[in-house]
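Chemist: Sequence first, predicted coordinates after that:
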Amino acid sequence: MNLGWLVVAVLIASPLAAQDWYEPKRGTAERKALMNALRPLAEVDLGAPVEFVVHDLRVSGHRAFASVQPQRPGGRPIDIISTPGFARGEFSPDFMDGTHMQALYIKKGNTWVAVEHAIGATDVWFAGEPFCSSWGPVIAEFCY
């Protein structure tokens, strides 16, 4: 009987252990640092200025994940056709999920660095290796 309770305890604890991340609260220095690390990458492809609507932001240790919707100040949507990325031939609106962005970060010292990102991805590009072994705690549900 004790073994049965042990199995139940492990099954209950496993999903909780898998969610070993937190979301930095709005207005915190950490959240601002994460968005500021992503902003130059967004502005190179989407043009400046850019602000973000955060859909998902997760931090675990020195790793982080963000899923954001870039927009112009005041909430104006970004016209993909008028972006530098489109002008360079890097964006094809018919084959993109708008301007939605995902990013994977590493904290180096006291600085967050967006080391991988995508704009308009129509797949879950970060599912699997090499990403899951390094960012597993913040993208666990995408890693099988």
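Modeler: That came through, no problem. Numbers count the residues shown, from 1 in each chain.
Chemist: and stretch 84-102, average pLDDT?
Modeler: In this model, stretch 84-102 carries a mean pLDDT of 96.
Chemist: That stretch: end-to-end distance?
Modeler: This stretch, stretch 84-102, spans 19 Å end to end (Cα to Cα, to the nearest Å).
Chemist: and it, how far from the chain's centre?
Modeler: 17 Å (Cα atoms, centre = their mean, to the nearest Å).
Chemist: Mind listing what's buried along it?
Modeler: Within stretch 84-102, the residues scored as buried using 16 or more other Cβ atoms under 10 Å are 85-86, 91, 96, 99-102. From N, CA and C alone the C-beta is placed, and that goes for glycine too.
Chemist: Can you show me the helices along the protein?
Modeler: 2-18, 29-46, 84-87, 131-139 (DSSP state H).
Chemist: Lowest mean pLDDT across those helices, which one is that?
Modeler: helix 2-18 (a mean of 43).
Chemist: In the chain, which residue is most central in space?
Modeler: Residue closest to the average C-alpha location in the chain (Cα atoms, centre = their mean): Ala66, at 2.0 Å.
Chemist: excluding its backbone neighbours, what's nearest Phe52?
Modeler: Distances taken as Cβ to Cβ, 6 or more residues apart in numbering place Val68 nearest to Phe52, at 4.1 Å, with adjacent residues excluded.
Chemist: dump the residue contacts of Val68.
Modeler: Listed by Cβ atoms under 8 Å, 6 or more residues apart in numbering, the contact partners of Val68 are 35, 38, 52-55, 57, 100-103.
Chemist: Narrow the residues you listed to those that are buried.
Modeler: Buried among the contacts of Val68 by 16+ other Cβ under 10 Å: 35, 38, 52, 57, 100-103.
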